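Chemist: Structure for this input, please:
(2 chains)
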Amino acid sequence: GAVVSQHPSRVICKSGTSVKIECRSLDFQATTMFWYRQFPKKSLMLMATSNEGSKATYEQGVEKDKFLINHASLTLSTLTVTSAHPEDSSFYICSATLGQEGGKLFFGSGTQLSVL
Amino acid sequence: LAKTTQPISMDSYEGQEVNITCSHNNIATNDYITWYQQFPSQGPRFIIQGYKTKVTNEVASLFIPADRKSSTLSLPRVSLSDTAVYYCLVGGGYGQNFVFGPGTRLSVLP
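Modeler: Purely as a prediction, here's the structure:
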């Protein structure tokens, strides 16, 4: 149980285009979802926290107009990288929690974004 | 949020027991300690979680002393496939963010 599906796994796009990444909890309702960014050989960097039906909370230094997060239902959150540029190239990972005590996280498989 | 400190890297050989210690001096009363494993180009995977004393599952053990200011992940008889980055995360509860530390890069050698 507790499977998180993330799509696409890899995307290559031209500079200036927008890219949407989907994160779905397949067999549970995710109260809270998190979006992370990871550079090669670096740790995960938390970008934002989203709760269903409310605006996402962004970490300091993360541009909310650049990284649009929508959490329209308890099973779906999307991250849209708007007007992508080469410096946005990175590995993006979503995760979800059941909201239970302890806060165990379930992760998607990640999306490798390459902006040309 | 409790800050965590782990060794940056560790080497081991197949068949050995590996212990990775995480320091979290300012852990809060309602914080849990959770360990995740991450392979390259994949999302992290939950390994084990504990609050105090010792927890054991089919893949690892987690030792937590009484003061809870540190924890040790123990991997029995590692294999090459255990080569990964291991993250210690302290937090939990409702509505809290989950910020990862740098993790420990474990290399298992033949």
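Chemist: Now do the same contact list for B:E14.
Modeler: For B:E14, the contacting residues are B:78-80, B:108-110, by Cβ atoms under 8 Å, 6 or more residues apart in numbering or on different chains. C-betas here are computed from N, CA, C, even on glycine.
Chemist: Filter the residues you listed down to the buried ones.
Modeler: B:78, B:108 (16 or more other Cβ atoms under 10 Å in any protein chain shown).
Chemist: As JSON lines, the contacts of B:E14 with distance to A:S25 and pLDDT would be great.
Modeler: Output for these, formatted as JSON lines (distance: Cβ to Cβ, whole Å; pLDDT from 0 to 100):
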{"residue": "B:V78", "distance to A:S25": "31", "pLDDT": "97"}
{"residue": "B:S79", "distance to A:S25": "31", "pLDDT": "97"}
{"residue": "B:L80", "distance to A:S25": "32", "pLDDT": "97"}
{"residue": "B:V108", "distance to A:S25": "32", "pLDDT": "97"}
{"residue": "B:L109", "distance to A:S25": "38", "pLDDT": "96"}
{"residue": "B:P110", "distance to A:S25": "38", "pLDDT": "94"}
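Chemist: got the contacts of B:E14 as CSV, with secondary structure and distance to A:R37 columns?
Modeler: Listed next are the contacts of B:E14 as CSV, based on DSSP: H, G, I helix; E, B strand; the rest coil; distance: Cβ to Cβ, whole Å:
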residue, secondary structure, distance to A:R37
B:V78, coil, 29
B:S79, coil, 31
B:L80, helix, 29
B:V108, strand, 28
B:L109, strand, 31
B:P110, coil, 34
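Chemist: Would you mind putting the contacts of B:E14 into JSON lines with distance to chain A alongside?
Modeler: Converted to JSON lines, the contacts of B:E14 look like this (distance: Cβ to the nearest Cβ, whole Å):
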{"residue": "B:V78", "distance to chain A": "21"}
{"residue": "B:S79", "distance to chain A": "22"}
{"residue": "B:L80", "distance to chain A": "19"}
{"residue": "B:V108", "distance to chain A": "18"}
{"residue": "B:L109", "distance to chain A": "19"}
{"residue": "B:P110", "distance to chain A": "22"}
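Chemist: and which of the contacts of B:E14 is nearest A:T31?
Modeler: B:V78 (34.9 Å; Cβ to Cβ).
Chemist: residues contacting residue 74?
Modeler: Defaulting to chain A. By Cβ under 8 Å, 6+ apart, the neighbours of A:L74 are A:25, A:29-31, A:52.
Chemist: Wait, chain B was what I had in mind.
Modeler: B:17-19, B:60-63.
Chemist: Out of these, grab the one that's most surrounded.
Modeler: Greatest neighbour count in the contacts of B:S74, by other Cβ atoms under 10 Å in any protein chain shown, goes to B:L62: 23 neighbours.
Chemist: still on that earlier bit, please, a ChimeraX command that selects the buried ones among the contacts of A:L74?
Modeler: If you want just the buried ones from the contacts of A:L74 in ChimeraX, going by 16+ other Cβ under 10 Å, the selection is:
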select /A:25,30,31,52
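Chemist: Turn the contacts of A:L74 into JSON lines, including pLDDT and secondary structure.
Modeler: Shown next, in JSON lines, are the contacts of A:L74 (pLDDT from 0 to 100; DSSP: H, G, I helix; E, B strand; the rest coil):
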{"residue": "A:S25", "pLDDT": "91", "secondary structure": "strand"}
{"residue": "A:Q29", "pLDDT": "87", "secondary structure": "coil"}
{"residue": "A:A30", "pLDDT": "84", "secondary structure": "coil"}
{"residue": "A:T31", "pLDDT": "79", "secondary structure": "coil"}
{"residue": "A:E52", "pLDDT": "82", "secondary structure": "coil"}
